[in-house]
Structure formats: C-alpha cells, structure tokens
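Trainee: I would like the atomic coordinates for the input below:
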Amino acid sequence: MPIIAGIAGAVTAISVLVTASAPASALAADCGIDLPSGFTGAAAYGAGDAPQLAVQGHADEAGILAIAATTRFNLGSVNKMMTATAIAQLVEQGRIAFNDPIGRHVKGLPPALAALRIDQLLSHTGGLPLFLRPDIVAAINAAPSATALVPLVIAEPRAEPGVFRYSNAGYVLLGAAIESASGLAYREYISRNILSAAGIAPQPIHWQPGDAEGVDPTEQDFARGISRVKPWPAGGIVLTAADLWRFGRALASGRLVRPATLEAMMQGGIELRPATAERPGLHYGFGVGVSGEGAARVVGHTGGAPGIDVSIRIHLASGRVVAVMSNHSGTDELNASSIAKSILAKMDSCREPKGSIQ
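Mentor: Next up is the predicted model:
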C-alpha cells in the first residue's frame with residue numbers, strides 16, 4: 001500500500017555521498033549513513049540549506065548508466081502529496097473548500113460521483129478504484145490535461161464511500177478540480193505553484209532519456225512503461241532526490257501552505273492503524289500519511305509500482321527531511337520506506353552541511 005509506512009537486483013556500484021559544499025569522504029564520516037547493499041537508487045537527507053546525498057547502482061535496465069546526483073526518478077504516488085498541497089493552496093485562496101462536493105468544480109459527473117467531497121477523494125475514502133492498468137497508462141500519455149481523463153473515471157466501477165480504498169481515480173478528479181479552480185493545466189499549476197515555490201529549478205517534469213528507467217524482474221514491460229508515464233495527478237512527475245527533498249523542506253517550513261493548513265491536512269482523513277506500545281499509529285490525512293504524535297510526528301508518503309519505489313519522510317519538530325528513490329521495485333526486505341525510516345532515525349548524530357546545492 002503506497003503510504004508513509006507502506007510498502008532490486010544486485011548492483012556493483014559503490015555508494016557515493018555528495019553535496020556541493022563538502023567532499024564525499026567528509027560527509028560519510030559526518031553522518032555514517034550509506035545505502036544498504038543491493039539497493040539501487042538515491043537518497044537526500046538533512047535539515048539545513050542543502051541535503052546530503054547518497055547514490056548507488058544504475059539508472060537503466062542494461063546496467064550501463066550509473067545513477068548520479070542529477071538522476072531523476074518517477075515519484076509514483078508521492079506525486080499525490082503535491083496534488084493535495086495544490087488543493088490546500090486553493091483552499092487558502094477561497095477557491096475550493098475541503099468539504100466541497102467534487103461536482104461543484106468538475107462538471108458532467110453522474111450524481112453519485114458529483115456528490116463525493118474533496119476531503120473524501122484526498123483521503124481515499126470515496127469508493128473509487130485503483131485505476132492503474134496498461135490501458136490507463138496509454139490514456140494518461142495521450143491526455144492533454146487531467147480533465148481529459150475524467151470520462152475514464154466515470155466509466156469505472158465504484159464502491160460505497162466511507163472506507164479506505166486506495167484510489168488513483170479520485171486524484172484524477174482532484175486534478176480536474178485544480179484545473180477548473182485555477183485556470184491552469186494540472187502540470188503547469190504544479191510546475192509554477194509547487195515546484196518553483198519550493199525552490200526547484202524550472203525543468204521538464206516528464207521522463208526524458210537519461211532519467212531512471214524502471215526495472216522489475218517479473219513485470220519489466222510494465223515497469224518500463226509506468227516509469228515513463230507522463231505526469232498526472234496520481235503520479236508521473238520526475239525529480240532528483242535533492243529536488244524531492246526541497247519539496248519536503250518547503251512544505252515543512254510553511255512556504256507552500258500555512259502551518260495551520262498543513263495541520264488540517266494531517267488531522268483530516270482516516271485512521272489506518274491505532275497506536276500501540278510497540279509501534280506508533282498510522283493515519284492517512286488529506287494526501288499525506290502521518291505517523292506518531294507530538295514531537296515524534298512524521299508526515300510523508302510513499303510511491304510504489306513495478307520499477308518505482310519512493311519515500312519521503314518529514315520530521316516536523318526538527319525540519320529534517322529524507323527522500324529515498326529507486327527505479328527497482330521494492331521488496332519486503334529492501335524498500336525505500338524502510339531505508340528512509342532508518343536514515344531519519346540515524347540523523348540525530350549527523351553534522352549537516354552548510355551551503356546550497358546549485
């Protein structure tokens with residue numbers, strides 16, 4: 001399940017730690033954090049002006065193109081945090097309300113679908129399906145906007161709302177609402193108001209040659225295709241680990257939405273797992289997963305599909321952010337979520353670098 005606690009192939013490349021302000025050897029000594037053997041991908045972590053980076057493995061199926069600090073990965077469902085943040089920005093502007101029926105912003109929906117609320121779609125409680133198949137991928141690549149995908153959502157079977165049912169279809173409707181309320185195509189809105197506002201340099205946000213290509217031992221054709229899918233409200237944006245880290249830092253620092261709005265995003269939604277003496281509770285809010293309480297609270301998301309394994313974790317009390325990205329399918333033993341959790345736990349002893357990555 002692609003949420004904060006959700007959820008390979010052997011590589012021979014050596015793990016490399018880099019930033020723009022300190023040599024790799026010094027950073028390894030500072031933090032003592034390396035990517036685990038067998039993991040292919042990149043990690044960015046820290047709470048200062050620039051992250052520390054670790055990269056390892058290859059970006060292509062053939063094992064020729066080494067992963068670098070500049071390698072970009074498909075975000076998978078981590079993209080949903082950006083869609084949810086865009087909705088929250090429009091809430092702050094008075095253009096959308098969390099309890100609005102989606103039909104107020106997306107026209108032409110049948111009555112039962114039009115009655116679903118924005119908050120239900122954000123929290124995957126609207127009864128809509130997963131909506132991720134090869135035919136859907138082909139439609140996404142051909143669609144000029146999120147709104148153009150709405151007829152496909154209308155045609156999908158639906159369940160009764162009120163129960164957590166992970167849904168990409170619901171996020172298509174949210175993307176269409178963003179387009180209606182803002183007057184911008186979804187991809188343009190995200191580029192302008194999320195990525196640029198987070199300090200991420202202007203760039204194409206779709207897959208290009210040289211970006212990481214999905215690798216999966218049993219579903220390689222689908223992995224290759226889904227890793228190259230064009231951006232849509234449920235996934236597909238392509239960024240480096242450092243740029244995903246920048247998004248997390250901007251969200252945590254109040255540069256994308258006000259702290260009270262982020263709090264509303266975390267408090268809304270549905271409890272997935274109650275807290276016990278052995279482990280913290282898990283809550284899915286409005287496009288964000290929330291684990292722990294008080295000073296231990298962590299917010300984030302994961303993204304998983306064949307050839308995509310991504311996790312971002314934000315410790316709000318300290319401002320520390322960890323972003324881990326892989327172009328190999330995660331496994332129970334080795335996945336981006338567990339690596340991000342481990343890095344965040346180790347960061348108490350880190351001496352974080354100064355300066356900025358250019």
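Trainee: for the residue nearest the centre of the chain, give me phi and psi.
Mentor: Geometric centre of the chain, nearest residue: Val78, 1.2 Å, by CA atoms, centre = their mean. Listed backbone geometry of Val78 is phi -60, psi -30, with angles given as degrees, to the nearest 10.
Trainee: how about it, what does it touch?
Mentor: By CB atoms under 8 Å, 6 or more residues apart in numbering, Val78 lies in contact with 244, 301-303, 310-312. For every residue, glycine as well, the C-beta is placed using N, CA and C.
Trainee: and those, which is closest to Asp100?
Mentor: Using CB to CB, His301 is the member of the contacts of Val78 that sits closest to Asp100, with 22.9 Å.
Trainee: and that closest one, what element?
Mentor: Using DSSP states H and E, His301 falls within strand 298-305.
Trainee: list the helices and strands that strand packs on?
Mentor: Counting by 3 or more CB pairs under 8 Å, 6 or more residues apart in numbering; DSSP states H and E, the packing neighbours recorded for strand 298-305 are helix 79-92, strand 289-291, strand 308-315, helix 336-346.
Trainee: okay, it in CSV with CA atoms only?
Mentor: What follows is strand 298-305 as a C-alpha-only set of coordinates in CSV (Å, rounded to 0.1, in the frame of the first residue of the first chain):
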residue,chain,number,x,y,z
VAL,A,298,6.4,12.3,10.9
VAL,A,299,4.5,13.2,7.7
GLY,A,300,5.1,11.9,4.2
HIS,A,301,4.1,9.4,1.5
THR,A,302,5.5,6.5,-0.4
GLY,A,303,5.1,5.6,-4.1
GLY,A,304,5.3,2.0,-5.3
ALA,A,305,4.7,0.3,-8.7
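Trainee: what lines up beside it in the sheet?
Mentor: Here the strand partners of strand 298-305, with direction, are listed using DSSP bridges: strand 289-291 (antiparallel), strand 308-315 (antiparallel).
Trainee: sheet partners, orientation included, of the helix or strand following the longest one?
Mentor: For strand 308-315, the following helix or strand on the C-terminal side (DSSP H and E) is strand 320-326. As defined by DSSP bridges, the strand partners of strand 320-326 come to strand 41-46 (antiparallel), strand 308-315 (antiparallel).
Trainee: next, the angle from the longest one to helix 79-92.
Mentor: Our comparison of strand 308-315 with helix 79-92, counting by axes from the mean of the first three to the mean of the last three CA atoms, to 10 degrees, yields an angle of 50 degrees.
Trainee: would you put the C-alpha positions of strand 308-315 in CSV?
Mentor: As requested, C-alpha coordinates have been extracted for strand 308-315 and formatted as CSV (Å, rounded to 0.1, in the frame of the first residue of the first chain):
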residue,chain,number,x,y,z
ILE,A,308,9.2,2.6,-8.9
ASP,A,309,9.9,2.7,-5.1
VAL,A,310,10.0,6.2,-3.5
SER,A,311,9.5,7.5,0.0
ILE,A,312,9.6,10.9,1.7
ARG,A,313,9.5,11.4,5.4
ILE,A,314,9.4,14.8,7.2
HIS,A,315,10.0,15.1,10.9
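Trainee: and it, how far out from the chain middle?
Mentor: Taking the mean C-alpha point of strand 308-315 and that of its whole chain, the gap between them comes to 7 Å (CA atoms, centre = their mean, to the nearest Å).
Trainee: try the shortest one
Mentor: Strand 41-46 has its average C-alpha position 14 Å from the chain's average C-alpha position, going by CA atoms, centre = their mean.
Trainee: look up phi and psi at the residue sitting furthest away from the middle of the chain.
Mentor: In the chain, counting by CA atoms, centre = their mean, Pro111 sits farthest out from the average C-alpha position, at 30.9 Å. Here the main-chain torsion angles of Pro111 (degrees, to the nearest 10) amount to phi -50, psi -40.
Trainee: swap in the one 5 residues further on?
Mentor: Dihedral angles phi and psi of Leu116 (degrees, to the nearest 10) take the values phi -60, psi 140.
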